[in-house]
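Undergrad: this one's structure only:
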């Protein structure tokens, strides 16, 4: 007997996920201090109490946002489509993440959005952001070290220092693109490739 395949409708995200998704969008567009629970409630069509139920304070919400991004980073760098690549392709995969931000209405990255407000952020959120930045920097440093050892990447100085420079440059390039247009970002990324590729 042949049965007809039945399409299963995609489940709508739960309220907690919807809150996180919207808060992340607002954070990347405006900054963490530029939106409130009232903004979230109005956009989501819920009462502020519904947001407080999931995140008792904005500090809790902010910490959850950065922790979620850290989980995404850990998952992304462990994906076979990333781990099975050579150093140049892994660098390209990282650049594609930043280019994706650029394509989303010239959004800045999470680190760039929060760094300017860092001193006003709650301590747990600061700690999560430091962990995120450290792990991303360490991952890229490993990629650069393997690239230099295999002759597929070139740079002067330590892999850790070059990693920090590349990530800082990419975060800054997104900021510049927000002020102007995509052209400076593409020029900056082109320069990074010119310096890193033999």
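TA: Nice, thanks for sending it over. Nothing here was measured: the structure is a model prediction, and the numbers come from that model.

Undergrad: contacts, neighbours, all on C-alpha from now
TA: OK.

Undergrad: check contacts around residue 177.
TA: 102, 106, 183, 184, 185 (C-alpha atoms under 8 Å, 6 or more residues apart in numbering).

Undergrad: Among those, name the ones in helices.
TA: 102, 183, 184, 185 (DSSP state H).

Undergrad: where in this protein is pLDDT low?
TA: Where the chain drops to pLDDT under 70, the residues are 1-13, 104-106.

Undergrad: Next, the contact list for the nearest residue to residue 86 once chain neighbours are set aside, please.
TA: Closest residue in space to residue 86, ignoring its immediate chain neighbours: residue 147 at 7.9 Å, by C-alpha to C-alpha, 6 or more residues apart in numbering. Applying C-alpha under 8 Å, 6+ apart to residue 147 gives the contacts 86, 87, 88, 153, 154.

Undergrad: got TSV for the residues you listed, with distance to residue 124 and secondary structure too?
TA: Listed next are these as TSV, based on distance: C-alpha to C-alpha, whole Å; DSSP: H, G, I helix; E, B strand; the rest coil:
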residue	distance to residue 124	secondary structure
86	35	coil
87	33	helix
88	35	helix
153	36	coil
154	37	coil
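
Undergrad: Neighbour-wise, give me the winner out of those.
TA: Highest neighbour count within the contacts of residue 147, by other C-alpha atoms under 10 Å: residue 87, with 23 neighbours.

Undergrad: Relative to residue 30, how far out is that one?
TA: Separation of residue 87 from residue 30 (C-alpha to C-alpha, to the nearest Å): 34 Å.

Undergrad: Now name the helix or strand holding the closest residue to residue 48 other than its chain neighbours.
TA: Nearest residue to residue 48 in three dimensions, chain neighbours excluded: residue 41, at 5.3 Å (C-alpha to C-alpha, 6+ apart). Take DSSP states H and E as the rule and residue 41 turns out to sit in helix 37-44.

Undergrad: elements contacting that helix?
TA: On a contact count with 3 or more C-alpha pairs under 8 Å, 6 or more residues apart in numbering; DSSP states H and E, helix 37-44 meets helix 15-30, helix 48-54.

Undergrad: that older thread, report the two of the contacts of residue 147 separated the most.
TA: Across the contacts of residue 147, the longest distance by C-alpha to C-alpha is 14.1 Å; it joins 86 and 154.
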